[in-house]
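Visitor: Sequence and predicted structure below; questions after.
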Amino acid sequence: MELKADRLTKRYKNIIAADRLTFTLQKGVTGLLGANGAGKTTLMRMLCGILTPTEGTVTYDGIPVTEESYRNILGYLPQDFGYYPDFTGTDFLMYFSALKGLSKQAAKARTEELLRIVGLSDVSKKRIKSYSGGMKQRLGIAQALINRPEVLIMDEPTAGLDPQERVRFRNLIGELGKNSIVLLSTHILSDIEHIADRVIMMRSGQIIWQGTWGDSNESLESFYLKEFGEEQHA
């Protein structure tokens with residue numbers, strides 16, 4: 001189980017959004033850290049096969065991520081995910097379950113399970129337009145888990161979550177990382193410091209550091225604060 005990026009580059013005219021990024025992700029949780037505008041979203045979209053790199057490759061166990069077989073084992077939560085405001089939470093997950101090829105019976109069971117996992121069972125029959133920002137984010141997380149993904153990629157998944165929801169989310173991601181490759185991006189160090197096995201840190205489209213918590217000569221907190229400032233540690 002390996003997701004491998006090799007010299008991954010994305011250029012937009014005179015702007016280099018991702019610059020020769022090389023790394024390998026294996027089972028466990030990897031935190032992708034960087035200030036807003038560091039290139040995290042561009043990288044994640046290439047890892048999902050949504051965005052075509054200018055140069056370089058992305059493969060999962062040797063298979064290009066543009067192959068349909070990869071998409072079948074991928075779960076993805078973009079920073080701004082689309083939804084139908086008049087759908088209920090149940091309708092939304094049933095719809096995406098159908099898109100993933102689940103039978104009606106399997107979709108119903110999986111929808112109920114996921115609503116329970118993300119704490120939305122009590123509002124499952126309410127329309128999404130009535131949900132708070134945190135509730136919508138939890139629904140997006142549930143959507144990314146429908147197909148029990150081997151690779152789970154989440155872009156700023158804790159945005160809009162209150163402190164209690166963040167704890168629930170961290171516990172969930174920690175469990176998922178036992179059997180899957182999980183990559184989640186954030187600009188807040190505390191979002192991943194208790195659950196990430198590995199960290200990749202980006203600035204201006206480049207990887208400036210990658211490794212495990214114990215690899216750095218100085219504490220990751222000190223290094224991160226020096227790079228990005230106190231406001232990113234809230």
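Guide: Received, thanks. Residues are numbered from 1 along each chain as shown.

Visitor: okay but Ala18 is in contact with Leu8, surely?
Guide: Yes. Contact criterion CB atoms under 8 Å: Ala18 and Leu8 qualify, at 5.9 Å. In short, each C-beta sits where N, CA and C put it, glycine included.

Visitor: Could you please give me the overlap between the contact lists of these two?
Guide: Shared contacts of Ala18 and Leu8 (CB atoms under 8 Å, 6 or more residues apart in numbering): Leu43, Met46, Pro53.

Visitor: Test my guess that the first one contacts Asp19.
Guide: This points to Leu43. No. Counting by CB under 8 Å, Leu43 does not reach Asp19; the two are 10.4 Å apart.

Visitor: So which of the shared contacts of Ala18 and Leu8 sit within helices?
Guide: Residues of these located in helices (DSSP state H): Leu43, Met46.

Visitor: Neighbour count for Ala18 and Leu8, which is higher?
Guide: Ala18 (26 against 23; other CB atoms under 10 Å).

Visitor: nearest spatial neighbour of the more buried one, skipping sequence neighbours?
Guide: Distances taken as CB to CB, 6 or more residues apart in numbering place Lys10 nearest to Ala18, at 4.3 Å, with adjacent residues excluded.

Visitor: does the one you found sit in a helix, a strand or a coil?
Guide: Using DSSP: H, G, I helix; E, B strand; the rest coil, the structure places Lys10 in strand.

Visitor: Double-check it against Ile50; I have them as touching.
Guide: No. In this structure, Lys10 is not within contact of Ile50 by CB under 8 Å, at 11.7 Å.

Visitor: Show me which of those two is the more surrounded one.
Guide: Taking neighbours as other CB under 10 Å, Lys10 and Ile50 compare with Lys10 leading, 22 against 13.

Visitor: Would you check how far apart the more buried one and Thr22 are?
Guide: Distance of Lys10 to Thr22, given as CB to CB, to the nearest Å: 14 Å.

Visitor: Over to Leu114?
Guide: From Leu114 across to Thr22, the span is 34 Å (CB to CB).

Visitor: can the shared contacts of Ala18 and Leu8 go into JSON lines with extra columns for pLDDT, neighbour count and distance to Arg148?
Guide: Listed next are the shared contacts of Ala18 and Leu8 as JSON lines, based on pLDDT from 0 to 100; neighbours: other CB atoms under 10 Å; distance: CB to CB, whole Å:
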{"residue": "Leu43", "pLDDT": "96", "neighbour count": "30", "distance to Arg148": "24"}
{"residue": "Met46", "pLDDT": "97", "neighbour count": "24", "distance to Arg148": "23"}
{"residue": "Pro53", "pLDDT": "96", "neighbour count": "21", "distance to Arg148": "28"}
